[in-house]
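Novice: Just the structure for this:
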Amino acid sequence: MKNAITLDKISLNKRSDRAMDSMILAGIPIAVCYWFLDSILQIFASGQYNFIAFFFGPNLYEIYTRITVLCLFVIFGSHAQNTINRLRQTREALNESKENYRTVADFTYHWEYWVSEKGQFIYMSPSCARISGYRVEEFQQNPQLLNQIIHPADRQRVAEHFVNESATRRAQSFEYRIVSRDGQERWIDHICQPVYGSDGRYRGKRAGNSDISAVKKEKQERELAEKKLLKYRDHLENLLREHSDEMLETQARLKAEIKERKLNQKAFEAALQFLQIAYRQHSLQPLLIEFVRAIQEQTALASAGVQLLEPIEKVHLKFFAGFKKELYDAISRLSISPSRDLCNEEKSPAGLTGNQTCSEYGSMYINSTTKHLFTHHYSRTGRIIQLFKDSGFETLAMIPLRVETNSHGYIYVADPRKDMINMRVLDLLEGAAMQLEIAVKRIQAEAASQKPAS
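Specialist: Okay, here's the model as predicted:
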């Protein structure tokens, strides 16, 4: 394989060119030498030894002949010089073209080569040594070296590529690995295309190999870094999720505690309000009125009322707020015995079906009167519940004013909405009932102590 012409050959050609420049001047001395030798021959031939006469010519014919010869030598030298100049220009252009070809081919950064249709290397750039560690001469001496340095894991794939490229004769590209002289693994970006002459004849393939090992390494490092980042992100998300769950649980617990404390605070304030009312009033009717107003305020129920079962000075004391007059007049007409428990009364077959709820204190409450069906309407409690149901109330509670086992009155609360009675409301109402019962007994005792002894 031959690359560009060497600098020594170029220098030798330049020295020969300088010698050829004097071809015209060389024709004149040759013509003079001819003239001189012809004069000598004329002297010996004639036997007359007059050199000057024979040199300038014994006659005009001889002078004309010698001048003609001199002109022919000059014309020949001029023609020869012109031919030499054109050859020299052609050679210089050829040398410049070869130098340009060598510059373009040999100084390409990538590993370029040209393989003939017979599989022989026609040209290979010196960059092969930088990429593979093997020089151009080594690939010349061993045409199989290119296949030998291919990574064992990629040889089958590269062989299939060469077969496919030869069969299709189309431009193709793919990536594979080689093992360099120093044992390093290098990634090659290979691209090749067929080569055709000016006559259209197939002349092999032109191939280029680029070292993309740094790009591959950077890609692998980036992928590894991305995997680490994804793993780290998943770890952080798990931590955040765990802590978020803990925070949500803590937040829910705190909200529940705050709500519990608020409810406890509200219950405490309600109990304090009932206690203040119980010790502030000294008359029964104002006491009942203020208690009913406070019950409505603390429970947010629509209607509330109080009825004392035992007459005070022959008067049945009561106060209802939010109820129609017909309803509490009907309740007043019902004779409820102080010694009988409303809940125990309804355990008889003549009462409810057991859908009402009773507390340990003896309070009865219903959160939906429309869901309670009655088998008989003859019991007092059944008739009271029916009255509230007919008046449009869904929620109903009756809290006894109890001393020991006897009930001396009832607190009534009702609301058109369902499910308005819960354990906190019931506890608040039962606490109010105890405070009201104590206040009633206190006022009765004060009134009895102020009467004059008979």
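
Novice: Measure how far the longest strand seen in the chain is from the centre of its chain, please.
Specialist: Longest strand in the chain by number of residues (criterion: DSSP state E): strand 185-196. Here strand 185-196 is found 36 Å from its chain centre; the criterion is C-alpha atoms, centre = their mean, to the nearest Å.

Novice: cool, and stretch 202-218?
Specialist: Here the centre of stretch 202-218 is set off from its chain's centre by 34 Å, with C-alpha atoms, centre = their mean.

Novice: just stretch 392-411 next, same as before
Specialist: Once both centres are worked out by C-alpha atoms, centre = their mean, stretch 392-411 turns out to sit 66 Å from its chain's centre.

Novice: now that stretch: mean pLDDT?
Specialist: Mean per-residue pLDDT for stretch 392-411: 83.

Novice: Report all helices and strands that the longest strand of the chain contacts.
Specialist: Packed against strand 185-196 by the contact rule (3 or more C-beta pairs under 8 Å, 6 or more residues apart in numbering; DSSP states H and E) you find helix 127-132, strand 172-179, strand 202-211, helix 213-280. Where C-beta positions appear, they are placed from N, C-alpha and C, glycine not excepted.

Novice: continuing past the helix or strand hosting R102, what's the next helix or strand?
Specialist: Using DSSP states H and E, R102 maps to helix 60-106. Counting by DSSP H and E, the next helix or strand C-terminal to helix 60-106 is strand 111-115.

Novice: Export only the CA atoms of that following strand, formatted as PDB.
Specialist: Presented in PDB, the C-alpha positions along strand 111-115 are these (Å, rounded to 0.1, in the frame of the first residue of the first chain):
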ATOM      1  CA  TRP A 111      -9.700   5.700  11.700                       C
ATOM      2  CA  GLU A 112     -10.400   5.600   7.900                       C
ATOM      3  CA  TYR A 113      -9.700   2.800   5.500                       C
ATOM      4  CA  TRP A 114     -10.600   1.600   2.000                       C
ATOM      5  CA  VAL A 115     -11.000  -2.100   1.300                       C
END
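
Novice: which other helices and strands contact it?
Specialist: If contacts are counted by 3+ C-beta pairs under 8 Å, 6+ apart, strand 111-115 sits against strand 121-124, helix 127-132, strand 202-211.

Novice: buried stuff in the longest one?
Specialist: Applying a neighbour-count criterion of 16 or more other C-beta atoms under 10 Å, the buried positions in strand 202-211 are R203, G204, K205, R206, A207, G208, N209, S210, D211.

Novice: residues touching the residue lying closest to D154 once chain neighbours are set aside, list them.
Specialist: Excluding the flanking residues, the one nearest D154 by C-beta to C-beta, 6 or more residues apart in numbering is Y176, at 4.2 Å. By C-beta atoms under 8 Å, 6 or more residues apart in numbering, the contact list for Y176 reads I150, H151, D154, R157, V158, W187, I188, H190.

Novice: between those residues, which is closest to M423?
Specialist: Nearest to M423, judged by C-beta to C-beta, of the contacts of Y176 is W187 at 76.6 Å.

Novice: if we can go back for a sec, present the buried residues of strand 202-211 as TSV; the columns should include distance to E310 and pLDDT.
Specialist: Shown next, in TSV, are the buried residues of strand 202-211 (distance: C-beta to C-beta, whole Å; pLDDT from 0 to 100):
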residue	distance to E310	pLDDT
R203	130	90
G204	127	91
K205	122	91
R206	122	91
A207	119	93
G208	116	92
N209	115	93
S210	111	92
D211	111	93
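
Novice: Right, I'll call it a day here.
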